[in-house]
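S.K.: Got a predicted structure plus its sequence, pasted below:
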Amino acid sequence: MTPFQIYTYPDKRLKQRAKPVDNIDGALQEIIDRMAFTMYQAPGVGLAAIQVGIDKSIMVYDVTAREEKRDLHVIINPKILSCEGETISENEGCLSVPDYRADVKRAKSVLVEGFDRDGNPLRIDAEDFLAVVLQHEIDHLNGKLFIDRISRLKRELYKKRILKQLKRK
């Protein structure tokens with residue numbers, strides 16, 4: 001299987017809002033399998049379809065430790081129903097924002113609903129790291145990057161560094 005290309009900042013596709021999935025078919029299952037393969041190859045703990053140029057509201061994640069057995073989760077058309085508390089996601093990173101990590105303010109717990117890969121409705125009551133992962137990937141599906149949630153100064157410094165690197169290439 002060939003992994004998808006993961007688009008990185010400042011690619012404009014990362015600012016798009018994903019469209020809802022209205023048909024779960026074999027083609028969608030192939031996209032999900034390739035997304036999972038891409039996430040594991042990267043390696044990452046989550047991946048939103050928009051990060052690989054697919055304009056569909058799909059995310060995959062696996063928060064198990066690398067040494068443990070894989071535990072892939074898929075959410076189609078995820079929505080955050082409620083958030084509670086506040087936490088700082090320390091050293092948050094992203095496959096689409098390589099070589100940069102920052103502390104990000106997030107909800108401590110979230111209630112998310114959507115559908116699994118077979119079209120069954122699901123609800124996830126998540127806390128701590130899983131809550132952060134879900135918020136991060138759902139942000140992607142809404143056209144938002146984690147750097148949009150850090151201070152303007154830190155974001156501008158990162159943007160300048162990336163633009164300088166792109167000019168050198």
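M.R.: Looks like it came in fine. Computed from a prediction, not measured in an experiment: that's the story for all the values here.
S.K.: The protein: helices as residue ranges?
M.R.: With DSSP state H as the criterion, the chain has helices at 26-41, 128-141, 152-168.
S.K.: Please name every helix or strand in contact with the longest one.
M.R.: In terms of contacts (3 or more Cβ pairs under 8 Å, 6 or more residues apart in numbering; DSSP states H and E), helix 152-168 is packed against strand 97-106. All C-beta spots, glycine's among them, are computed from the backbone N, C-alpha and C.
S.K.: Which strands border the strand it packs on, and is each parallel or antiparallel?
M.R.: strand 87-94 (antiparallel) (DSSP bridges).
S.K.: List the buried residues for the partner strand?
M.R.: Residues 87, 89, 92-94 are the ones in strand 87-94 that count as buried (16 or more other Cβ atoms under 10 Å).
S.K.: got TSV for the residues you listed, with pLDDT too?
M.R.: Putting those into TSV (pLDDT from 0 to 100) gives the following:
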residue	pLDDT
87	95
89	92
92	95
93	95
94	96
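S.K.: what's stretch 15-31 in contact with?
M.R.: 48-50, 54-58, 76-77, 115, 117-119, 140-143 (Cβ atoms under 8 Å, 6 or more residues apart in numbering).
S.K.: Inside strands: which ones of the residues you listed?
M.R.: Using DSSP state E, the members of the contacts of stretch 15-31 that fall in strands are 48, 58, 76-77, 115.
S.K.: Can you tell me which of those is closest to residue 155?
M.R.: Residue 155 has its nearest neighbour among these in residue 48, at 19.8 Å by Cβ to Cβ.
S.K.: Run a quick check on the closest one versus residue 56, I expect a contact.
M.R.: No: using Cβ atoms under 8 Å, residue 48 is not in contact with residue 56, being 9.6 Å away.
S.K.: Could you check which of the two has the larger neighbour count?
M.R.: When neighbours are counted by other Cβ atoms under 10 Å, residue 48 comes out ahead of the other of residue 48 and residue 56, with 28 against 19.
S.K.: how about the nearest residue to that one, chain neighbours excluded?
M.R.: residue 140 (3.5 Å; Cβ to Cβ, 6 or more residues apart in numbering).
S.K.: Return the distance of that neighbour relative to residue 25.
M.R.: Computed as Cβ to Cβ, to the nearest Å, the residue 140 to residue 25 distance reads 23 Å.
S.K.: can you pull the contacts of the spatially most central residue of the chain?
M.R.: Among the residues of the chain, the one closest to the centroid is residue 137, at 2.7 Å (Cα atoms, centre = their mean). For residue 137, the contacting residues are 46-48, 59, 61, 78, by Cβ under 8 Å, 6+ apart.
S.K.: Now for these: which two are most distant?
M.R.: Pairwise distances across these (Cβ to Cβ) peak at 12.8 Å, for the pair 47 and 78.
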